[in-house]
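Asks: Got a sequence here, can you build the structure:
(chains A and B)
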There are 2 protein chains.
Amino acid sequence: MFAVTILGNNSAVPAFNRHPTSQVVTLDGNNYLVDCGEGTQIQLINYKIRRSKISHIFISHLHGDHYFGLIGLLNSFGLLSHQQELHVFGPAPLKEIIELQLKVADTKLCYALHIHHITEAATLLDNDKLRVKCFRTNHRIECYGFSFEQKKHPRKLSLEKAKAFEIPANFYDRLKNGEDYTKKDGSIIKNDLVTETGETGKKYVFCADTKYDESLLPHIKDADMIYHETTYLDNLRQRAEDRFHSTTKQAAELALKGGVKKLLIGHFSSKYNTLEEFEAEAREVFPNTELALEGVCFEV
Amino acid sequence: MFAVTILGNNSAVPAFNRHPTSQVVTLDGNNYLVDCGEGTQIQLINYKIRRSKISHIFISHLHGDHYFGLIGLLNSFGLLSHQQELHVFGPAPLKEIIELQLKVADTKLCYALHIHHITEAATLLDNDKLRVKCFRTNHRIECYGFSFEQKKHPRKLSLEKAKAFEIPANFYDRLKNGEDYTKKDGSIIKNDLVTETGETGKKYVFCADTKYDESLLPHIKDADMIYHETTYLDNLRQRAEDRFHSTTKQAAELALKGGVKKLLIGHFSSKYNTLEEFEAEAREVFPNTELALEGVCFEV
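Replies: This next block holds a predicted model:
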């Protein structure tokens, strides 16, 4: 399963029982944490997300509502005897901030922590299942969005046909990867005689904090789902502009222009007690919009 | 009213819906925050503690469960247009940690923030209502406890008697402070003819994280209420010793030897799901013990 679980959807100051930004992207049992506002470790417990399955954390920018919970989570990983390596990606000087706090507490982590500074658009992770890339967004301080591209599934093998052509089982993985099979007599079994196209990989894009900016379009193009902030309702466009944030209709407009399939909206200002209007306004422009409600898991 | 409200009573890792250490000491409408674990700002909202009435924050030591919520609170004060000066006391390099995080976010606070480094036993605050002193405790890293001494109330004035002696009303405050009144004819009205002794000030002592250490006795002596950590039940004395923490009976023993009137216990290890045994064990040694339960307000 490829899905996104919302842990926090509020901007800046916690309010109305909404928490600062954090999401978990889950793919085939692995958890990738995106942003880590204060209290994220408690939200992970509340929503029963397995902390031991988190191997990568992506921090969009160093406004507190996106990373003040990171040091607590890293510390707790240590106390909970986390086993695997942990990679954290974020803008400088994240490493300095974290290491200073570990040092003054005389904390020796029991796991290998690697903090990587992001400095430009780049591929951050590329394994056989997933590619994660970052890109700049248009915010008051250096800020990055993240795209999660599921790798194309391998080709689907017809066992029956492979057996009929007497292809040995130890060659099946290479068939799934598209190779032809050459028999001992030199004759060639073309791959598409025994396989079919696999499923296409899906794509989720987290657009972080940003003002409306069409330079994001190439990154969200044809995504199956994106998250775009909507700090304000659309009557506060000027305030959004001044504070490098977006409104409902701006997020929806970008989703529409990007040809994406589904839009999640969040990062709601603490001035709003209820969220119905956010949904209604965005849907006027882009009908397949959902509120990024905390605790809800959205399949990509 | 002189009271202590518990915001968090758990050690290290959040568990069983218990939060890391934080307490609010309230005296005559002013709030003094003691420690500030992750999520403290949310606990302040949950328990309806007025953030605008917080003027002083005391941080015992730089283990994360005692201060990771501070940066978020200071940041939120800024976003909520906090008006009054804020004084924070804690061990070095707290100031560096906070200022680095404010700087990278390009945050300009709208209020005056003063971070004072504690380096030894000292008086941190001394106004007409309250004296706050700090003292070293015996923990793995530099750590301080805090004593809150309510100033002696002024003498009680008998209005009737003052009028009978024809003392002018603008001299009443000086009578309350113990002065004699000299009449125009040179005769003296002795203070105790018109006033009586006021109430004695009360004393609350927060003993922070510490192993059992009788060098704390002078600081808790005859206090009306103390808080002493009990990370472990008494069967884990060796573990407590190794980790510079205390057990139930050790806390109770110190309270008994210190002649204090009431003991609050907290900083429970995350290994314990329930707390009844903590109360029972401590009460065997010191009957007037209470669990420092979150949300409960204890009058000093």
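
Asks: How many neighbouring residues does the residue lying closest to residue A:273 once chain neighbours are set aside have?
Replies: Excluding its sequence neighbours, the residue lying closest to residue A:273 (Cβ to Cβ, 6 or more residues apart in numbering or on different chains) is residue A:16, at 5.5 Å. No exception for glycine: its C-beta is placed from N, CA and C like everyone else's. By the criterion of other Cβ atoms under 10 Å in any protein chain shown, residue A:16 has 12 neighbours.

Asks: State the pLDDT value of residue A:82.
Replies: Residue A:82 carries a pLDDT value of 86.

Asks: Check which helix or strand it maps to.
Replies: For residue A:82, there is no helix or strand it lies in under DSSP states H and E.

Asks: Residue A:69 and chain B: what is the separation?
Replies: 7 Å (Cβ to the nearest Cβ, to the nearest Å).

Asks: thinking again about what came up before, right, and the residue nearest to residue A:273 touches residue A:275 too?
Replies: No - the criterion here is Cβ atoms under 8 Å, and residue A:16 misses it with residue A:275 at 9.1 Å.

Asks: circling back: contact partners for the residue nearest to residue A:273?
Replies: Listed by Cβ atoms under 8 Å, 6 or more residues apart in numbering or on different chains, the contact set of residue A:16 reads A:10, A:270, A:272-273.

Asks: Quick one: buried ones out of those?
Replies: A:10, A:270, A:272 (16 or more other Cβ atoms under 10 Å in any protein chain shown).

Asks: Quick check: nearest residue in space to the first one, chain neighbours excluded?
Replies: Right, the one you point to is residue A:10. Using Cβ to Cβ, 6+ apart, the closest residue to residue A:10 is residue A:18 (3.6 Å).

Asks: What about that neighbour, how many residues nearby?
Replies: 20.

Asks: and if you look at the one 3 residues further on?
Replies: Here the neighbour count serves as a burial measure; for residue A:21 (other Cβ under 10 Å) it reads 30.

Asks: Please name the nearest non-neighbouring residue to it.
Replies: residue A:35 (4.4 Å).

Asks: in terms of contact, does the one you found touch residue A:19 like I think?
Replies: No - counting by Cβ under 8 Å, residue A:35 stays clear of residue A:19, with 10.9 Å between them.

Asks: Give me the common contacts of those two.
Replies: Shared contacts of residue A:35 and residue A:19 (Cβ under 8 Å, 6+ apart): residue A:8.

Asks: which of the two has more neighbours?
Replies: Neighbour comparison, residue A:35 and residue A:19: the larger count goes to residue A:35, with 28 against 24 (by other Cβ under 10 Å).

Asks: Phi, psi for that one please.
Replies: Note on residue A:35: backbone dihedrals following degrees, to the nearest 10 are phi 60, psi 160.

Asks: And residue A:21, by the same measure?
Replies: Reported as degrees, to the nearest 10, the phi and psi values for residue A:21 are phi -60, psi 130.

Asks: residue contacts, it?
Replies: Here residue A:21 is in contact with A:8-11, A:35, A:37, A:60, A:65-66, A:266-267 (Cβ under 8 Å, 6+ apart).

Asks: are any of those residues buried, and which?
Replies: A:8-11, A:35, A:37, A:60, A:65-66, A:266-267.

Asks: what two of these have the greatest distance between them?
Replies: Longest distance between any two of the buried ones among the contacts of residue A:21 is 15.1 Å, between A:10 and A:60; criterion Cβ to Cβ.

Asks: so when I look at residue A:226, I'm seeing a helix, right?
Replies: No - under the criterion used here (DSSP: H, G, I helix; E, B strand; the rest coil), residue A:226 is strand, not part of a helix.

Asks: OK, contacts around the residue in the stretch 101-250 of chain A positioned nearest to chain B?
Replies: Going by Cβ to the nearest Cβ, chain B is nearest to residue A:104 of the stretch 101-250 of chain A, at 4.6 Å. Counting by Cβ under 8 Å, 6+ apart, residue A:104 touches B:62, B:93, B:97, B:141.

Asks: May I see the buried residues of the helix or strand harbouring the third one?
Replies: Going back to what we said before, that points to residue B:97. Element membership for residue B:97, per DSSP H and E: helix B:94-104. Buried residues in helix B:94-104, counted by 16+ other Cβ under 10 Å: B:94, B:97-98, B:100-102, B:104.

Asks: Then stretch A:131-145?
Replies: Of all the residues in stretch A:131-145, those buried under the rule 16+ other Cβ under 10 Å are A:131-139, A:142-145.
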